[in-house]
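Asks: Need a 3D model of the sequence below.
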Amino acid sequence: MKRARRSAVDPFIVMDVMAAAARAEAAGRRIIHMEVGQPATPAPAGARAALERAMRDQPMGYTVALGLPELREAIAGLYRRRHGIALDPARIVVTAGSSGAFLLAFTALFDAGARVALGEPGYPSYRQILRALDLVPVGLPCAARNRYQPVPEDLEAVAGGALDGLIVASPANPSGTMLSRDAMRALIAHARARNMAFISDEIYHGIEYGAPAVSALEISDDVYVINSFSKYFSMTGWRVGWMVVPEDHLRTIERLAQNMFICAPHVSQRAALAALDCEDECQANLAQYRANRALMLDGLKAAGLERIAPPDGAFYIYADVSRYSDDSLALSRDLLDSAGIAVTPGLDFDPARGARTLRFSYARSPEDIAEGLTRLAAFMKERFAVP
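Replies: Okay, here's the model as predicted:
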């Protein structure tokens, strides 16, 4: 049977690494997982308890397409506490994870053939979702001196015509770096002056180690902001996120959501509502990530991997391994086969330069991180004579 040309997207390599790690575990090996942004902690206890009550007392049928009204109100409260923003809950759309939000945003904002800029290294599914929608991803090779974040000059340097949109992420995946308020403002102003849609991926907000992350909504209402309960709230598999859109785009998004998804999972929305009241537990998780970050920074240095962008947030470190290999895919396979460590090759995040980088996640337990770093140091000493 004939297949659509737009279905020919690249694999999400981290998922392939996960599958290889699972096969190794099925064969009886102990694998240390540093490949995926999967918190070791479960959803907050209050969220799980609320879900138990809801499952007992409610039929869990459809919700309205935009999400439970009380959840949208509670998310607006989160913006008030974190960012001092008086956000109208009507502008909030609950989605089937951030992935559902990207589908809605890209479909609402861009016609087939539109050119959408994204920083590289960056989250690989941006590119693949755009391609699947007959849109054109335009990679911006972000410089280490800019901490792998885009700047207006990167947009000006793009060849091949005007751009229709820009996606940014702060904290970013894979680097964990953040945009300052001035940097965010400059990118929004650049996009506005050129009639480009601006999309801000903020799913790692709350996981920060110094200054708090800046939301694009602190600067402009004429933006799309996407967030999720997956990371800060440790609810990856629950598949519930949200987006904030300009008021005059709301009915467009609602019609798309009605037809694409009907609604986000009702059970997950109930758990998400309770999770917003579990700040103490989430802050305890953040303290664990902070300790893991310190372990990882020291451990990578000891293993000879010193060329990194120290992360401001999220739970990743993006390391330059070009001193040892120009084939990060082969190196990641060797680390899994020889040392039992699952890591993600940089090719997932930067098709042009990622063969020289690896991403390490420190979202798991401190014990796993410590063991993984011990294994990594031994591997690097044996394979590359790192002292």
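Asks: For I369, give me its contacts.
Replies: Contacts here follow CB atoms under 8 Å, 6 or more residues apart in numbering; on that basis I369 touches 34, 292, 295-296, 299, 362. Yep, even glycine has a C-beta here, placed from its N, CA and C like the rest.
Asks: Tell me how far it lies from P124.
Replies: Relative to P124, I369 is positioned 24 Å away (criterion: CB to CB, to the nearest Å).
Asks: Repeat that for S230.
Replies: 16 Å.
Asks: who's more crowded, the two?
Replies: P124 (27 against 22; other CB atoms under 10 Å).
Asks: So for stretch 185-194, what gets flagged as buried?
Replies: Of all the residues in stretch 185-194, those buried under the rule 16 or more other CB atoms under 10 Å are 185-188, 190-191.
Asks: Just put those residues in CSV and tack on secondary structure and pLDDT.
Replies: Output for the buried residues of stretch 185-194, formatted as CSV (DSSP: H, G, I helix; E, B strand; the rest coil; pLDDT from 0 to 100):
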residue, secondary structure, pLDDT
R185, helix, 98
A186, helix, 98
L187, helix, 98
I188, helix, 98
H190, helix, 96
A191, helix, 96
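Asks: Please tabulate those residues in a markdown table, including the columns distance to D277.
Replies: What follows is the buried residues of stretch 185-194, written out as a markdown table (distance: CB to CB, whole Å):
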| residue | distance to D277 |
| --- | --- |
| R185 | 32 |
| A186 | 36 |
| L187 | 34 |
| I188 | 32 |
| H190 | 38 |
| A191 | 35 |
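Asks: Out of those, which is nearest to Y148?
Replies: Distances from Y148 to those, taken as CB to CB, are shortest for L187 (14.2 Å).
Asks: and that closest one, what does it touch?
Replies: 150-152, 166, 168, 179, 198.
Asks: One more pass at 7 Å, please.
Replies: For L187, the contact set (CB atoms under 7 Å, 6 or more residues apart in numbering) comprises 150, 152, 166, 168.
Asks: Helix, strand or coil: sort out the third one for me.
Replies: In terms of secondary structure, L166 is strand; the call rests on DSSP: H, G, I helix; E, B strand; the rest coil.
Asks: what about it, how many neighbours?
Replies: With neighbours defined by other CB under 10 Å, the count for L166 comes to 25.
Asks: what does the last one give?
Replies: Per other CB under 10 Å, the neighbour tally for V168 reads 25.
Asks: Who is it paired with across the strands?
Replies: Judged by DSSP bridges, the bridge partners of V168 are S200.
Asks: May I ask which helix or strand encompasses L118?
Replies: Taking DSSP states H and E as the criterion, L118 maps to strand 115-120.
Asks: what's the average pLDDT for that strand?
Replies: Mean pLDDT, strand 115-120: 97.
Asks: Next: stretch 308-316.
Replies: On average, stretch 308-316 scores 92.
Asks: returning to that earlier point: relative to the strand holding L118, what are the paired strands and their orientations?
Replies: strand 136-141 (parallel), strand 165-169 (parallel).
Asks: Mind listing residues that contact it?
Replies: The contact list for strand 115-120 (CB under 7 Å, 6+ apart) reads 110, 126-127, 130, 135-142, 149-150, 155, 158, 161, 163-168, 349-350, 352.
Asks: Point out the other helices and strands that the helix or strand hosting Y318 packs with.
Replies: Following DSSP H and E, one finds Y318 within strand 316-320. Taking 3 or more CB pairs under 7 Å, 6 or more residues apart in numbering; DSSP states H and E as contact, the helices and strands that strand 316-320 lies on are helix 279-302, strand 357-361.
Asks: Quick check: which of the ones you listed is buried the most?
Replies: Of all those, strand 357-361 has the most neighbours on average by mean count of other CB atoms under 10 Å, namely a mean of 26.
Asks: Next SSE downstream of that strand?
Replies: In N-to-C order, the element after strand 357-361 by DSSP H and E is helix 366-384.
Asks: Let's test this: mean pLDDT of that next one, rounded?
Replies: 96.
Asks: the strands in the stretch 1-150 of the chain, which residues?
Replies: With DSSP state E, counting those that start in this stretch as the criterion, the stretch 1-150 of the chain has strands at 32-33, 92-95, 115-120, 136-141.
Asks: Between the ones you listed, which one is closest to P345.
Replies: strand 115-120 (14.1 Å).
Asks: For that closest one, C-alpha coordinates in CSV please.
Replies: The C-alpha trace of strand 115-120 is given here as CSV (Å, rounded to 0.1, in the frame of the first residue of the first chain):
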residue,chain,number,x,y,z
ARG,A,115,9.1,27.7,7.2
VAL,A,116,9.5,27.4,11.0
ALA,A,117,12.8,28.1,12.7
LEU,A,118,14.1,26.1,15.6
GLY,A,119,17.4,26.2,17.5
GLU,A,120,19.9,23.3,17.1
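Asks: Sweet, I'm off.
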